[in-house]
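Q: sequence and computational prediction follow.
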Amino acid sequence: MIPAHGSRRPHRDTGLADELVARMPAVLGCLDRAGRVVLVNAEAERLIGRAAAGALGRPVTEVLGGTADAVTRACSEARASGAPVSVEVPEPGGGPGWAALHAWPVDDGAAFAFIDVTARRRAQEEAEAARHAAERAGTRTALLAAVTGELSGALDSESALGSLARLVVPALTDGCVVTVVDREGRARDVGSWHADPTRRPLLDRYAQVRLDTLPAASPVARALRAGSEAREAVDAVLALMPEGPARDLLATLGPATAVVLPLAADGRTVGVLTLYLDPGRTLDDDDLAAAREVAAQAGRAVDRVHRQSQQAKLAEGLQRSLLTDPPTIAGAQVVVRYVPAAEAARVGGDWYDAFLHPGGDPVVVIGDVAGHDTAAAAEMGQLRGLLRGIAHYSGAGPAEVLRGLDAAMAAMHTGTLATAAIARLEDGGRLLRWASAGHPPPLVAHPDGTVAVLADGLGDLLLGVDPAAVRREATVPLPPGAVVLLYTDGLVERRGCDVDTGVARLRRHLAALADRPLEEMADELLARMLPATPGDDVALVAISVHARS
């Protein structure tokens, strides 16, 4: 270690100390207050490519090149503060690694040293990359779970896809537009979202007009036509678009890349997912795989919605064809209502009937076949016909009719389970005779606003379990103008709410509507009791002797 001529060493070390510093495997040096090199060790000589004698006394900027500025700042800060300074800098000499630059004050200057930290730095970078990759993987997993949850309960194509754009932004992309194709082949953009709130209105307006002037060669048009995936620079897309609002809006939005993924189901394209990536953002292989899975889930959801819609129309049409209008009954008014479930798979099992007993008494019936869809609707029609036939042929009371129906079901091996309730108005409407097979209790609304729940422990076994089960019936007097209400469980059952609570709620509403005309009463009960999207189909039948206006 050689000091500059005429300078004073920072420390008066022994010869052994000088030897240790000279042989130190790290770069070590010292600057005077003017920034001139006054000491360098052998490792520093190798770094600067010259012997110490050629470096001593020269400005550090001439000796260390690109590293000099960092050394000058660190040494100046150390002298000014009187404390050591440490900072990480690129490897001296322009190598690919990193070094920790340490500077500390000494007499008449400051000393500095470089310690190689490349291995630690790379380990930190690798750990950070692994952490980031794990976070990205977690984000993708959470996204796919959210998409599954969102699409699983969708009731129509628009609701299935309308919220999809908000889910994939910003996890996979900066902007997104979702397109759905209806059964007639018409494409329509049903959802859009952008990570930048200021650009959301622009993207929304773009989604409203882009399909009107879509060039046939554009990636979206190709995806709709041939189900092909595409990744294309937006500048190339703009070059294909005609002058007009759509082109101007896309240019203003300023994405760099468009990635278009078809939504496929049953061999046809049912929609398109368009991802818009801003400059500097890329879609790596893992992100692209996640985007493809989102598109696949969306395609399956649309296909399920289409199939359920067809099934619902068929089931509802069959059910409505079987649920005929009630007969005209002299001296009485009968009102019936049927509301299908919002979800297609829940349509099909509820039924009602109204007819005259062979003796002339009005009879009303309500029932619910276990299961849904067209099979339940067909079984419902079979049971409805059987019950009416038994009642007409036998002239029996409600309990005996239910017993006969249960025996017929067993003999025919229908394999069906059902609930039912029958009410017969006797003695000119002054007496109600009724029986129930596991069905929610009938209600009787009196003109004074009181409402009776006909329970009396007659919740006998449902139909289809044991044809030898005991069937009982009861009678209650009816004042003039009373209303007898029969209904299915869809009117009173809710998630998180038991049937008894629902019946109590129905009873309160019926009491409040006791003075309303029967048609209005039925409509208002449905409006008050049912959510906007009923989870189950609902049937009700109401009868009043001395018809209300």
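A: Nice, I can see it. Owing to the predicted nature of the structure, the values given are computational and were not obtained by experimental measurement.
Q: give me the contacts around stretch 501-510.
A: 440-441, 443, 445, 451, 453, 483, 485, 487, 491-494, 521, 524-525, 528-529 (CB atoms under 8 Å, 6 or more residues apart in numbering). Just so you know, the C-beta spots here come from the backbone N, C-alpha and C atoms, and that holds for glycine as well.
Q: mind checking which of the residues you listed are buried?
A: Neighbour counting over these (16 or more other CB atoms under 10 Å) leaves 440-441, 443, 445, 451, 483, 485, 487, 491-494, 521, 525, 529 as the buried ones.
Q: return the item of those residues having minimum pLDDT.
A: Within the buried ones among the contacts of stretch 501-510, residue 494 has the lowest pLDDT, namely 82.
Q: ok, of the buried ones among the contacts of stretch 501-510, which one's closest to residue 280?
A: Nearest to residue 280 among those is residue 494, at 50.1 Å by CB to CB.
Q: quick one: residues contacting the nearest residue to residue 244 once chain neighbours are set aside.
A: Among residues not flanking residue 244 along the chain, residue 213 sits closest, at 5.8 Å (CB to CB, 6 or more residues apart in numbering). Going by CB under 8 Å, 6+ apart, residue 213 touches 241, 242, 244, 246, 247.
Q: got CSV for those residues, with neighbour count and pLDDT too?
A: Listed next are the contacts of residue 213 as CSV, based on neighbours: other CB atoms under 10 Å; pLDDT from 0 to 100:
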residue, neighbour count, pLDDT
241, 17, 92
242, 9, 92
244, 11, 93
246, 21, 94
247, 20, 95
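Q: I'd like those as TSV, with distance to residue 379 and secondary structure appended.
A: Listed next are those as TSV, based on distance: CB to CB, whole Å; DSSP: H, G, I helix; E, B strand; the rest coil:
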residue	distance to residue 379	secondary structure
241	56	coil
242	58	coil
244	57	coil
246	53	helix
247	58	helix
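Q: what average pLDDT does the strand or helix carrying residue 435 get?
A: Using DSSP states H and E, residue 435 maps to strand 431-437. Averaged across strand 431-437, pLDDT comes to 95.
Q: dump it to PDB, restricted to CA.
A: Taking C-alpha atoms only, strand 431-437 is exported to PDB below (Å, rounded to 0.1, in the frame of the first residue of the first chain):
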ATOM      1  CA  LEU A 431    -118.500 -24.800   6.300                       C
ATOM      2  CA  LEU A 432    -115.000 -25.700   5.200                       C
ATOM      3  CA  ARG A 433    -113.900 -29.300   5.100                       C
ATOM      4  CA  TRP A 434    -110.200 -29.800   4.500                       C
ATOM      5  CA  ALA A 435    -107.200 -32.200   4.600                       C
ATOM      6  CA  SER A 436    -103.500 -32.000   4.000                       C
ATOM      7  CA  ALA A 437    -100.800 -34.400   3.000                       C
END
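Q: check which helices and strands it sits against.
A: Applying 3 or more CB pairs under 8 Å, 6 or more residues apart in numbering; DSSP states H and E, one finds that strand 431-437 makes contact with helix 398-412, strand 418-426, strand 474-477.
Q: can you tell me which of these is most buried?
A: Stretch with highest mean neighbour count among the helices and strands packed on strand 431-437: strand 418-426 (a mean of 25; mean count of other CB atoms under 10 Å).
Q: which of the helices and strands packed on strand 431-437 sits closest to residue 166?
A: strand 418-426 (42.3 Å).
Q: distance from stretch 119-132 to the middle of the chain?
A: The chain centre lies 34 Å from the centre of stretch 119-132; the measure is CA atoms, centre = their mean, to the nearest Å.
Q: and the contacts of it?
A: Stretch 119-132 has contacts (CB under 8 Å, 6+ apart) with 88, 97, 98.
Q: at 7 Å what do you get?
A: residue 98 (CB atoms under 7 Å, 6 or more residues apart in numbering).
Q: domains in this protein, by residue range?
A: What automatic domain parsing lists as the domains of the chain is 15-116, 150-308, 323-545.
Q: okay, the residue nearest to residue 34 when sequence neighbours are not counted: pLDDT?
A: Nearest non-adjacent residue to residue 34, counting by CB to CB, 6+ apart: residue 59, 8.0 Å away. Confidence at residue 59, expressed as pLDDT, is 89.
Q: now the nearest residue to residue 87 once chain neighbours are set aside: how far from residue 92?
A: Distances taken as CB to CB, 6+ apart place residue 101 nearest to residue 87, at 5.3 Å, with adjacent residues excluded. Distance, residue 101 to residue 92, using CB to CB, to the nearest Å: 8 Å.
Q: intersection of neighbour lists for the two?
A: Contacts common to residue 101 and residue 92, judged by CB under 7 Å, 6+ apart, are residue 114.
Q: starting at the chain centroid, how far to stretch 415-433?
A: Distance, stretch centre to chain centre, for stretch 415-433: 45 Å (CA atoms, centre = their mean).
Q: identify the residues contacting residue 389.
A: Contacts of residue 389 (CB under 7 Å, 6+ apart): none.
Q: would you indicate which residues of the host helix or strand of it are buried?
A: Per DSSP H and E, residue 389 falls inside helix 373-394. The neighbour-count check on helix 373-394 (16+ other CB under 10 Å) flags 373-374, 376-377, 379-384, 386-388, 390-391 as buried.
Q: tell me what angle that helix forms with strand 418-426.
A: Interaxial angle of helix 373-394 relative to strand 418-426 (axes from the mean of the first three to the mean of the last three CA atoms, to 10 degrees): 30 degrees.
Q: quick one on the thing from earlier: adding mean pLDDT and distance to residue 354, write the helices and strands packed on strand 431-437 out as TSV.
A: Converted to TSV, the helices and strands packed on strand 431-437 look like this (pLDDT from 0 to 100; distance: least, CB to CB, whole Å):
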stretch	mean pLDDT	distance to residue 354
helix 398-412	95	14
strand 418-426	95	10
strand 474-477	95	19
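Q: so can I have JSON lines of the ones you listed showing distance to residue 333?
A: Listed next are those as JSON lines, based on distance: least, CB to CB, whole Å:
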{"stretch": "helix 398-412", "distance to residue 333": "21"}
{"stretch": "strand 418-426", "distance to residue 333": "12"}
{"stretch": "strand 474-477", "distance to residue 333": "19"}
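Q: give me the residues contacting the strand holding residue 435.
A: 397-399, 402, 419-426, 442, 444, 454, 458-463, 471-478, 484.
Q: in stretch 116-125, what's buried?
A: 116, 117, 121.
Q: out of those residues, list just those in strands.
A: The strands in this structure, assigned by DSSP state E, contain residue 116 from these.
Q: nearest to residue 333 among the buried residues of stretch 116-125?
A: residue 121 (87.7 Å).
Q: okay, the closest one: pLDDT?
A: pLDDT, residue 121: 86.
Q: which stretch among the helices and strands packed on strand 431-437 comes nearest residue 209?
A: strand 418-426 (53.7 Å).
Q: the inter-axis angle of the closest one versus strand 431-437?
A: Using the same axes, to 10 degrees: strand 418-426 against strand 431-437 is 170 degrees.
Q: start at 50, not 1
A: Taking 50 as the first residue, the last one we looked at is strand 467-475.
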